[in-house]
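# Fold the stuff below for me.
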Amino acid sequence: MIFSTMKLLSRLYLPGLLFALFWLAGCTGRPAGGQADAAPKLDSLRAEGRRIAKASFEELSQQLARALETGGIPYALQFCHANAGPLTDSLSAKHGARIRRTAGQYRNPANAPDAQELALFETFAAQKTRGRDLKTADTALVLAPGKVLFAKPILLLPQCAVCHGKVGDMVTEEQYREIKKRYPEDRAVGFSAGDLRGMWAIYFE
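This next block holds a predicted model:
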């Protein structure tokens, strides 16, 4: 009697159980497939972000080197104050992405990080404190459908210490007065070569 009852129950519930299992498998498979599709796209955007950061750095560095050759540090400061923003805007238009340079200790208030940028910058800073070499570090985050933020650390080069080094050492008192004239809220001094100076924040939309 018990065996007959169990046999009857299996006939009644087995089809439903199999249907539920197949349905669950289908639901589980769809997000996994979406993630698999998204991963190559994110990797591609990271590669593009690296390319844009490198090209933008080279362009800005060349412009700054020419300004230094033309009129030394005072002229270079004047040039950066007037042209850094427009140059970055033109690079954004050229590469089809919104390009920002930001930092925890920024010189221009326009470059102050938002909450998301600051969180990424602090993550890079923590990694450096733990001994990670940030030369090849970067990351990409999906902020919303169709919107990705690529971030890459900016390390201070030796030649940049004349404007961002320690005041009274690499940055003379006279030079710092010139900096403060143009950037009264300046926080971007006190660095040594190799320090985490800032971060590229490149937005793909």
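# how about the helices in this protein?
Secondary structure of the chain (DSSP state H): helices located at 2-95, 115-129, 161-164, 173-182.
# which strands and helices sit next to the third one?
Read it as helix 161-164. Helices and strands touching helix 161-164, as assessed by 3 or more Cβ pairs under 8 Å, 6 or more residues apart in numbering; DSSP states H and E, comprise helix 2-95, helix 173-182. Any C-beta I mention is one placed from the backbone N, CA and C, and that applies to glycine too.
# mean pLDDT lowest for which of these?
Note on those: helix 2-95 shows the lowest mean pLDDT, a mean of 71.
# What are the buried residues along stretch 78-97?
Phe79, Cys80, Ala84, Leu87, Thr88, Leu91, Ser92, His95, Ala97 (16 or more other Cβ atoms under 10 Å).
# Put the alpha carbons of it into CSV.
What follows is stretch 78-97, C-alpha atoms only, in CSV (Å, rounded to 0.1, in the frame of the first residue of the first chain):
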residue,chain,number,x,y,z
GLN,A,78,50.7,80.5,-16.6
PHE,A,79,50.3,78.1,-19.6
CYS,A,80,48.8,75.4,-17.4
HIS,A,81,46.4,77.7,-15.7
ALA,A,82,45.1,79.0,-19.1
ASN,A,83,45.3,75.8,-21.2
ALA,A,84,45.0,72.7,-19.1
GLY,A,85,41.2,72.7,-19.1
PRO,A,86,40.8,73.4,-22.8
LEU,A,87,43.5,70.9,-23.7
THR,A,88,41.7,68.2,-21.8
ASP,A,89,38.4,69.1,-23.4
SER,A,90,40.0,68.8,-26.9
LEU,A,91,41.4,65.4,-26.0
SER,A,92,38.0,64.3,-24.8
ALA,A,93,36.5,65.3,-28.2
LYS,A,94,39.4,63.6,-30.1
HIS,A,95,39.1,60.3,-28.3
GLY,A,96,35.3,60.2,-27.9
ALA,A,97,35.4,59.9,-24.1
